[in-house]
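Chemist: Mind folding the following:
(4 chains)
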4 protein chains.
Amino acid sequence: MPQPVCAIVGAGEGLGRSLAAKFAGEGFDIALISRSEKGSSAAAAAAAGANAGANVKFFAADATQPDTIEQALATIVGDMGDVDVLIYNVRGSFTACEPLEMTYADLDGIYRLEVVGAFAAAKSVLPAMRERGRGSVLFSSATAALRGSATHPLYAIGKFGLRALSQSLAKAYSKDGVHIVHVRLDCDLDVPLMRGYHGDSFDPEAAANTDDVAEAYWWAHQQPRSAWSNEIELRPYTELWTC
Amino acid sequence: MPQPVCAIVGAGEGLGRSLAAKFAGEGFDIALISRSEKGSSAAAAAAAGANAGANVKFFAADATQPDTIEQALATIVGDMGDVDVLIYNVRGSFTACEPLEMTYADLDGIYRLEVVGAFAAAKSVLPAMRERGRGSVLFSSATAALRGSATHPLYAIGKFGLRALSQSLAKAYSKDGVHIVHVRLDCDLDVPLMRGYHGDSFDPEAAANTDDVAEAYWWAHQQPRSAWSNEIELRPYTELWTC
Amino acid sequence: MPQPVCAIVGAGEGLGRSLAAKFAGEGFDIALISRSEKGSSAAAAAAAGANAGANVKFFAADATQPDTIEQALATIVGDMGDVDVLIYNVRGSFTACEPLEMTYADLDGIYRLEVVGAFAAAKSVLPAMRERGRGSVLFSSATAALRGSATHPLYAIGKFGLRALSQSLAKAYSKDGVHIVHVRLDCDLDVPLMRGYHGDSFDPEAAANTDDVAEAYWWAHQQPRSAWSNEIELRPYTELWTC
Amino acid sequence: MPQPVCAIVGAGEGLGRSLAAKFAGEGFDIALISRSEKGSSAAAAAAAGANAGANVKFFAADATQPDTIEQALATIVGDMGDVDVLIYNVRGSFTACEPLEMTYADLDGIYRLEVVGAFAAAKSVLPAMRERGRGSVLFSSATAALRGSATHPLYAIGKFGLRALSQSLAKAYSKDGVHIVHVRLDCDLDVPLMRGYHGDSFDPEAAANTDDVAEAYWWAHQQPRSAWSNEIELRPYTELWTC
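Modeler: A predicted model of the protein is given here:
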């Protein structure tokens, strides 16, 4: 009997790894989509470690090239079966700049990564989910989706767009039984990228543990459809949040 | 060995009943607080039915009289032990009126019910929770907390205030390990009150099932503290939401 | 020929003074409502200075006693004529405290000041405005209306409630031609109260000039009804805003 | 002595026409930027009609081609002088579709129109405005900037991105004295495009008059810098708004 399939676009060594392990541990087969198999090796190992019986496979695609996302997900469906849970979890370089320093290439890149790639992934699985009347699509986002930034305008522009996409999909297709969720991290994640970004000022108590965050994705997938959350915020108990 | 205690203020036949059953089923003793024991009898029966070993007790208090809330919770602590989960779940009469029809007594009543009573309940348990470094306080709210209303201004004024209180408590005391949550229902609940209010136009597919909603409260209590939600929205898959 | 009437509840030496001067200078008669005539003397002098022909009068009322507000506005209408512009601009003591230090008297006081008094003032003028198909009601508010606070929870609870009231009135009565506006200051005002509160750390470049703020109230009143703002935010160019 | 310059990108027969007339009437020279001179002829005529002494000129550019926007604005500065007010007011075809019907070309087109073009225009004038310590940049937006849509997802994705850009610019450059504003129309405009879109169901009382909207742009430019609005909402008195 086939196991349900969880496809993770952007399955790196941070949250992607925790998501792969969580869903594998809950009985899912795991499809990992990244640019290079090396980039997903930590996630693959974690999934296998969480459940030796899980079918864990890697598929190459570049989130900024929507055709490659479509092709990867088509291959996954042919190879592993319909996707029950899609998680779009890509991360860019998170470069700081002031708004006037943005280039047109920067603007194009962040949009392809955060919005176009997310749409490519969603459109690859939503028709089948709608037909079956179930399935979850989860987008990893951030508080940057709610406010502009003097120092990280690219990130804000990308995440605003991702939120618009997520809300539009949810409003159009929830009625078909498909659960679409924008997961907003109101904090840094405790991942190598953030540790490198903040250097010595990094405080793990002020960051979210990726295994803890993965619990929220799992819970969102488990929610009964009469009481769905479409936007979920997550922050550590130490966060001095403002909105 | 004592079981953890869940205190529910406003434990009627709708969501209160589902919450009592859920937390009893998860191993909690249940303290039910309502104006009359009769009003909590369905919740008491549901809790006992979910877990015959649960200690389920009723305590009388009037949410619009904060002293009675304080007294009830003091009695609960003395009788059943420290409160691990407090749920403030009162409901008023939800009367429709246009803003200019509100009386000063109406304004006073809704504030006492939604804000002052919620504060009285929270202040009765928060010092002990802070000392122990754990515990959850959950406020039942609604989308009325986000927008005024031409037809239900009292409900909006009360829920705006409740949200301000919930955010203020969360910002002040999360750092001590206490999880404070504003649960926003963006829909009607499938409860007798709403069936009566809407009459023949009531559509159960457009309302949230109370057992499903209770799952979200349970999940909120279970969240690890590095990834907490402080505001949770819930709506049925059929809801045409606007925000 | 009678001049239009602007009634200002809470006409102190800060924003109230600037509002009185602005509307007097634009040809309005000015009704000043405060607890004591002394508290309104700076506003009265400013109004007279801005327009020697303006009829400027003081009326005693306590914003926390809604009956006195109703009586004062009834007296104004009988004495000076229908009110064309009502500005509710009261300020409390803005005491800092953590949420658990709030007393029930504090909670009652802030609600009476920010919500009940605002409603009393609005209901005293709205029926006549609706009948005439014009008029403006402007509520002085703050960013505290959008977010709870670990240090000023009373202010947040009051301003959330005021915003709910303002939105509810706007949604109910805009169609009758009455312009109802929530003016949100996302900053401190450069007024004696704030200078005293902040002491040496007060930076006038980081605060709004009250004459500049009064321009926004005037503009709101002038807006043509096909393009109204119902919520207006104001902040100095130096403000590092977050929402 | 040179007059101040107002540059309008997207100067069609609707709001663009009203903006051109308003700023010309207030003593500005007007630079109109559209794809074709014919598209700006109504705006040019209105500006000339409002002020025979105004210098009104047309400059060709395609908002989806950022280089052409940069070139047009460089030409304007060389020809007419520094830009004091920039208004980005483009409109696309506003095609309805469900989210899964969006093409990658659609996604690219709306982003170029709403975000990349807006950035190209802003970066062409902001350095000089910052140096002089004054100037206004106004973006025409809509309630679609605040919520996704089941029927107009492209519009939402574009306007969310535009709002992120506007907020980011405001947070970075307000301190230099440049006023950056996101003008949100919470309604349809009474323009030919909307009359055509709605057909017989179009109700002019439910739409904003473009001359009235232009007043708000003028007011925003006039605001003193100690009390700026960075986001302005506008709706007709008949609008049943929801947020």
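
Chemist: separation between the residue most central in space within chain A and chain B?
Modeler: The centroid of chain A falls nearest to residue A:89 when counting by Cα atoms, centre = their mean (2.3 Å). Remark: distance between residue A:89 and chain B (Cβ to the nearest Cβ, to the nearest Å) = 15 Å. In this view, the C-beta of every residue, glycine as well, is placed from N, C-alpha and C.

Chemist: Got the phi and psi for that residue?
Modeler: Main-chain dihedrals, residue A:89, degrees, to the nearest 10: phi -140, psi 30.

Chemist: residues in contact with it?
Modeler: A:8-11, A:15-16, A:19, A:140 (Cβ atoms under 8 Å, 6 or more residues apart in numbering or on different chains).

Chemist: and with 7 Å instead?
Modeler: A:8-10, A:15-16, A:19, A:140 (Cβ atoms under 7 Å, 6 or more residues apart in numbering or on different chains).

Chemist: Just the element for the closest residue to residue A:115 other than its chain neighbours, please.
Modeler: Here the nearest residue to residue A:115 in space, its sequence neighbours aside, is residue A:161; by Cβ to Cβ, 6 or more residues apart in numbering or on different chains that works out to 4.0 Å. Element membership of residue A:161, judged by DSSP states H and E, is helix A:153-173.

Chemist: and that helix, what does it pack onto?
Modeler: helix A:104-111, helix A:117-132, strand A:136-142, strand A:179-185, helix D:153-173 (3 or more Cβ pairs under 7 Å, 6 or more residues apart in numbering or on different chains; DSSP states H and E).

Chemist: And residue A:210, how far from residue D:65?
Modeler: Spatial separation of residue A:210 from residue D:65 under the definition Cβ to Cβ, to the nearest Å is 42 Å.

Chemist: now do residue A:190
Modeler: Distance, residue A:190 to residue D:65, using Cβ to Cβ: 43 Å.

Chemist: okay, the two: which has more neighbours?
Modeler: Set side by side, residue A:190 and residue D:65 show unequal neighbour counts under other Cβ atoms under 10 Å in any protein chain shown, the larger going to residue A:190 at 23 against 15.

Chemist: distance of the more buried one from chain D?
Modeler: When distances are taken as Cβ to the nearest Cβ, residue A:190 and chain D turn out to be 26 Å apart.

Chemist: Contact partners for the nearest residue to that residue once chain neighbours are set aside?
Modeler: Ranked by Cβ to Cβ, 6+ apart and with sequence neighbours excluded, the top spatial neighbour of residue A:190 is residue A:207, at 4.1 Å. Counting by Cβ under 7 Å, 6+ apart, residue A:207 makes contact with A:187-190, A:194, A:236.

Chemist: now do residue A:190
Modeler: If a contact means Cβ under 7 Å, 6+ apart, then residue A:190 has A:204, A:207-210 as its contacts.

Chemist: Now with 6 Å, please.
Modeler: In this structure, residue A:190 makes contact with A:204, A:207, A:209, judged by Cβ atoms under 6 Å, 6 or more residues apart in numbering or on different chains.

Chemist: So for the residues you listed, which is the shakiest by pLDDT?
Modeler: Lowest pLDDT among these: residue A:204, with 89.

Chemist: Setting aside sequence neighbours, what's the nearest residue to residue A:127?
Modeler: Nearest-residue entry for residue A:127: residue D:100, 7.1 Å, with adjacent residues in sequence omitted and distances by Cβ to Cβ, 6+ apart.

Chemist: Run a quick check on residue A:46 versus residue A:22, I expect a contact.
Modeler: No: at 9.1 Å, residue A:46 and residue A:22 do not qualify as touching, with contact defined as Cβ atoms under 6 Å.

Chemist: check whether the lowest-mean-pLDDT helix or strand in chain A contacts chain B.
Modeler: For chain A, the helix or strand with the lowest mean confidence is helix A:192-198, at a mean of 84 (criterion: mean pLDDT, DSSP states H and E). No: using Cβ under 6 Å from any Cβ of the partner chain, we find that helix A:192-198 stays clear of chain B, coming within 13.3 Å at best.
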